[in-house]
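Novice: fold the following for me, if possible:
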Amino acid sequence: MAQDGDPVAVTLHTVAMRAGVSTATVSRVLEGSGPASEATRAKVTAAARELGYSSPARSRPVVVRHEAYGLVLADLTGPHASALLTGFGAAAADGGQGVRLVVARRRHDASEVLHALARRVDGLAVGANTVPDTVVHALSRELPVVLLARAQVAGCDVIRTANLANAELPTSHLFEHGRSHLVFVGDPDSSPDVAERYSGFRNAHIVAQVPLRRPPLRVPLVEGAGIEVADEILRRRVKVDGLVCGNDDLALAVIKRLQDNGVQLPEDLAVVGWDDVLAARYISPALTTVRQPIRAPGRLAAERLRDRIDDGQPASDPYVVPTQAIVRSSCGCPVLSPPPRP
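Specialist: Residues are numbered from 1 along each chain as shown. Model (predicted):
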């Protein structure tokens with residue numbers, strides 16, 4: 001029992017009596033652990049402030065480390081996905097981390113799966129065309145999240161390639177070869193990267209004062225879609241003398257399918273791509289493309305997760321991976337002879 005002159009301890013019960021609510025309500029409001037009306041919150045916080053109440057110190061929660069990062073991709077087909085996964089896995093392994101992989105082909109039903117994944121990993125990298133931004137934002141409240149080839153979402157890091165810097169060059173180069181009926185192959189709505197590549201395609205038309213002949217062929221950036229595009233060209237449903245493909249997977253599939261059906265490339269049709277995968281330099285004609293370090297985004301994503309987890313760093317500005325135009329012969333340029341032996 002307190003003696004005269006001793007300070008009287010202020011408890012949850014004291015605050016509850018002053019505010020005219022239950023102790024459970026006071027606890028919920030002060031800990032932010034449950035629902036309460038704005039009026040109730042105002043009464044409780046005012047009472048706590050007037051009485052000088054402070055919550056008892058709590059022991060710091062034990063941080064459970066899973067020693068694993070999560071990676072969410074739309075699919076695993078093609079060399080681009082393979083290289084990205086390789087870069088991510090290698091960087092994770094360098095830091096002693098494992099990788100848990102989820103393929104989210106349908107954006108609308110992946111939320112529950114990803115929240116379950118978030119409870120088994122220390123950080124998460126999320127690719128384009130997987131889940132909506134609302135799901136990504138919710139995940140970022142649970143653990144560090146890095147986005148790959150996506151638009152900025154609050155609380156997340158972003159790693160993208162420098163598309164705008166070189167996006168006009170493939171189209172402008174085809175104009176220099178006298179091509180005028182160009183078609184962009186890829187869906188600009190599928191990711192910010194493809195949107196910027198298509199923006200460069202359009203801007204090159206404006207600069208050259210060449211009218212856009214038709215809207216883009218909105219297909220996914222996968223081999224099967226390239227075969228379908230080639231079949232449409234073979235059926236003469238698409239009038240075209242040059243294709244600007246959203247990535248090399250599409251371009252290589254188009255070239256192979258057309259050549260198998262007697263089309264002479266680049267005489268009948270010029271084709272350019274984007275990525276500079278290994279096969280691009282060995283196909284005939286060798287593929288003109290835009291080179292991006294396709295392992296780098298995966299590696300950078302894992303390294304960024306490590307920094308955020310180990311050092312408690314907040315999300316930073318987007319990191320942009322540089323690109324470089326690579327001119328070969330699928331655009332119509334002559335085949336370069338190899339240098340003479342010394």
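Novice: distance check, residue 80 against residue 111.
Specialist: 25 Å (Cβ to Cβ, to the nearest Å). From N, CA and C alone the C-beta is placed, and that goes for glycine too.
Novice: in what helix or strand does residue 251 lie?
Specialist: helix 248-260 (DSSP states H and E).
Novice: could you do residue 43 as well?
Specialist: helix 38-51.
Novice: so which elements touch that helix?
Specialist: Helices and strands touching helix 38-51, by 3 or more Cβ pairs under 8 Å, 6 or more residues apart in numbering; DSSP states H and E, are helix 12-19, helix 23-31.
Novice: quick one: list the elements packing against the helix holding residue 251.
Specialist: Packed next to helix 248-260, using 3+ Cβ pairs under 8 Å, 6+ apart, are helix 78-94, strand 182-185, helix 223-234, strand 242-245, strand 270-272.
Novice: quick one: average pLDDT of the helix or strand just after the shortest one?
Specialist: Proceeding N to C from strand 270-272, the next assigned helix or strand is strand 289-291, under DSSP H and E. Confidence for strand 289-291, expressed as mean pLDDT, is 96.
Novice: what's the answer for stretch 215-234, then?
Specialist: For stretch 215-234, the mean pLDDT works out to 95.
Novice: select the helix or strand of the protein having the lowest average pLDDT value.
Specialist: helix 23-31 (a mean of 75; mean pLDDT, DSSP states H and E).
Novice: list the buried residues for it?
Specialist: 25-30 (16 or more other Cβ atoms under 10 Å).
Novice: still on that earlier bit, is it possible to get a markdown table of the helices and strands packed on helix 38-51 that adds distance to residue 302?
Specialist: Listed next are those as a markdown table, based on distance: least, Cβ to Cβ, whole Å:
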| stretch | distance to residue 302 |
| --- | --- |
| helix 12-19 | 45 |
| helix 23-31 | 35 |
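Novice: you'd agree residue 159 is in a helix?
Specialist: No: using DSSP: H, G, I helix; E, B strand; the rest coil, the secondary structure at residue 159 is strand, not a helix.
Novice: so how far is residue 217 from it?
Specialist: From residue 159 to residue 217 the distance is 27 Å (Cβ to Cβ).
Novice: please apply the same query to residue 131.
Specialist: Applying Cβ to Cβ, the value for residue 131 to residue 217 is 26 Å.
Novice: which other residues reach the helix holding residue 43?
Specialist: 10, 14-15, 18-21, 25-26, 29-30, 36, 53 (Cβ atoms under 8 Å, 6 or more residues apart in numbering).
Novice: nearest to residue 250 among those residues?
Specialist: If you rank the contacts of helix 38-51 by distance to residue 250 using Cβ to Cβ, residue 36 comes first, at 54.6 Å.
Novice: that concludes my questions; thank you for your assistance.
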